[in-house]
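Peer 1: requesting a structural model of the entry that follows:
(2 chains)
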Amino acid sequence: GAGVSQSPSNKVTEKGKDVELRCDPISGHTALYWYRQSLGQGLEFLIYFQGNSAPDKSGLPSDRFSAERTGGSVSTLTIQRTQQEDSAVYLCASSPDRGSYGYTFGSGTRLTVV
Amino acid sequence: KNEVEQSPQNLTAQEGEFITINCSYSVGISALHWLQQHPGGGIVSLFMLSSGKKKHGRLIATINIQEKHSSLHITASHPRDSAVYICAVLFGNEKLTFGTGTRLTIIP
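Peer 2: Residues are numbered from 1 along each chain as shown, chains lettered A, B, ... in the order given. This is a model prediction of the structure:
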């Protein structure tokens, strides 16, 4: 597609439920990133995929968070047993290769855990 | 430690004023982004710089590699420029490190 597509745009879930957030990067972009923006806080890195390499998971806040990227394209971020502190905007970005040229953000998924 | 500092945190100005937002970082970088986020909106990448200066419409971004400093300028500011502006830096690995953002409000 023309841009990075994320779905859903908004998600309200009950505490303790699992959620899946989807990111469809720009076609041909080999690098894909997940970031999180919590209310009143800045952006924080979660996980990074580059081609077929093992993902960099160093930003994932707990083992309730996981992500996969199938076929080097679409990525799914899964949060298990959601907690209220998981409420945030989850942003996906992609770029053509390592580094930042052509870095493009999706519009985000606003997750609210009630 | 790789750090990114932005100033000011908040900026309110009258329509038409020249706006400058600053970003400093701690060590050498491979690239720097200026991002814009309107209230309730997504993040848009305005510029990516590795040296020199770039201009797009009323927006100008400069970077001084030696001084580890970048500025974002807005000429003839307009209320629609009201947004949060974020400096994001690539320190040589693949992940961006973000500044805390500058909340800009332009009053008509």
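Peer 1: check contacts around residue B:7.
Peer 2: When the contact criterion is Cβ atoms under 8 Å, 6 or more residues apart in numbering or on different chains, the partners of residue B:7 are B:21, B:22, B:24, B:102. From N, CA and C alone the C-beta is placed, and that goes for glycine too.
Peer 1: please repeat the previous calculation with a cut-off of 6 Å.
Peer 2: If you count contacts by Cβ atoms under 6 Å, 6 or more residues apart in numbering or on different chains, residue B:7 has them with residue B:22.
Peer 1: give me the neighbour count for whichever residue of chain B sits closest to chain A.
Peer 2: Across chain B, the shortest distance to chain A (Cβ to the nearest Cβ) belongs to residue B:42, at 3.6 Å. Applying the criterion other Cβ atoms under 10 Å in any protein chain shown, we find 17 residues in the vicinity of residue B:42.
Peer 1: kindly report the same for the one 10 residues further on.
Peer 2: Applying the criterion other Cβ under 10 Å, we find 10 residues in the vicinity of residue B:52.
Peer 1: mean confidence (pLDDT) on whichever strand or helix holds residue A:46, please.
Peer 2: Taking DSSP states H and E as the criterion, residue A:46 maps to strand A:43-50. Model confidence over strand A:43-50 averages 89 on the pLDDT scale.
Peer 1: for stretch B:45-52, same thing?
Peer 2: The predicted model assigns stretch B:45-52 a mean pLDDT of 87.
Peer 1: pull the CA atoms of the strand holding residue A:46 into CSV?
Peer 2: Provided in CSV are the C-alpha atoms of strand A:43-50 (Å, rounded to 0.1, in the frame of the first residue of the first chain):
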residue,chain,number,x,y,z
LEU,A,43,7.6,7.3,22.6
GLU,A,44,9.3,4.1,23.6
PHE,A,45,10.7,1.4,21.4
LEU,A,46,9.2,-2.1,21.7
ILE,A,47,10.5,-4.4,19.0
TYR,A,48,12.3,-4.3,15.6
PHE,A,49,12.3,-6.7,12.7
GLN,A,50,14.9,-6.6,9.9
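Peer 1: report the buried residues of that strand.
Peer 2: Of the residues in strand A:43-50, A:43, A:45, A:46, A:47, A:48, A:49, A:50 count as buried by neighbour count, 16 or more other Cβ atoms under 10 Å in any protein chain shown.
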